[in-house]
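Chemist: need a 3D model of the following:
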Amino acid sequence: MKTTIFQLLRTVSLALLYVGAAIVVIQAAWITYGVGVRYILNSPDGMVTEATALLLVPVAFLGVSYALLNHSYPKVSLIRDRLPKGIQFWVDKFNMLMMLLVGSFFLAASGKAMFKSIDSGSASEILLWPRFYFWIPVVIALLSFCITALCMLIFGDPPEEEKSTSPLDGDIHSQDAA
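Modeler: You can find the predicted model right below:
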């Protein structure tokens, strides 16, 4: 069961990560286009600044559950590593609890912002895009983060993924071993 849950969480977090990467590519292309038409054609695009700024909000959160699953957050473990193993266990649990509480706070705040923007019908100033379009991916990403943090708090670290020995997986070490 633990393996199945973490496989599902990995799949969801990877999907969110890919969505974030796609948004970054769209932003880069749109900004490049905006600079080009401004300085080459002398006809600035009035939407590029607001659109790319609005797209930064979801991008900021789409990779958080992936980072949590892969232990990619910075940790200062100078003192923790000198503690006995039993105390290290509880320090790690406390750390995960704090991450869950902070993530829950951001989830509640973004959920409230999403529902308020749906109720008010507020839209961006220039593009007139409904603001809740930008809050929905944030809420989904933070929900994924909180579920991941809760599972890691309850079950501990996710089981290691099995490494493929195929040279097609891009792992340099597996190619050296073959």
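
Chemist: phi and psi next, for the residue nearest the centre of the chain.
Modeler: Nearest to the geometric centre of the chain sits residue 63, at 1.8 Å (CA atoms, centre = their mean). Main-chain torsions, residue 63, degrees, to the nearest 10: phi -100, psi 10.

Chemist: and residue 123, by the same measure?
Modeler: Dihedral angles (degrees, to the nearest 10) for residue 123: phi -130, psi 160.

Chemist: repeat for residue 60
Modeler: phi -60, psi -20.

Chemist: find the nearest non-adjacent residue to it, please.
Modeler: residue 138 (8.0 Å; CB to CB, 6 or more residues apart in numbering). Heads up, the C-betas are built off the backbone N, CA and C, glycines and all.

Chemist: buried set for the host helix or strand of the one you found?
Modeler: Under the criterion of DSSP states H and E, residue 138 resides in helix 132-155. Neighbour-count burial for helix 132-155 flags 132, 134-135, 137-153 (criterion: 16 or more other CB atoms under 10 Å).

Chemist: does the residue nearest to the centre of the chain touch residue 17 like I think?
Modeler: Yes: using CB atoms under 8 Å, residue 63 is in contact with residue 17, at 5.1 Å.

Chemist: got the contact list for the spatially closest residue to residue 106 that is not a sequence neighbour?
Modeler: Once flanking residues are discounted, residue 106 sits nearest to residue 142: 5.4 Å by CB to CB, 6+ apart. By CB atoms under 8 Å, 6 or more residues apart in numbering, the contact list for residue 142 reads 61, 64, 103, 106-107, 110.

Chemist: now with 10 Å, please.
Modeler: Applying CB atoms under 10 Å, 6 or more residues apart in numbering to residue 142 gives the contacts 61-62, 64-65, 103-111.

Chemist: just name the closest of the residues you listed to residue 34, please.
Modeler: The closest of the contacts of residue 142 to residue 34 turns out to be residue 62 (CB to CB; 22.6 Å).

Chemist: count of neighbours near that closest one?
Modeler: Residues lying near residue 62 (other CB atoms under 10 Å) number 27.

Chemist: cool, and residue 111?
Modeler: 15.

Chemist: so which residues of this structure form helices?
Modeler: Listed in chain order, the helices of the chain (DSSP state H) span 2-39, 48-62, 64-69, 85-120, 132-155, 172-177.
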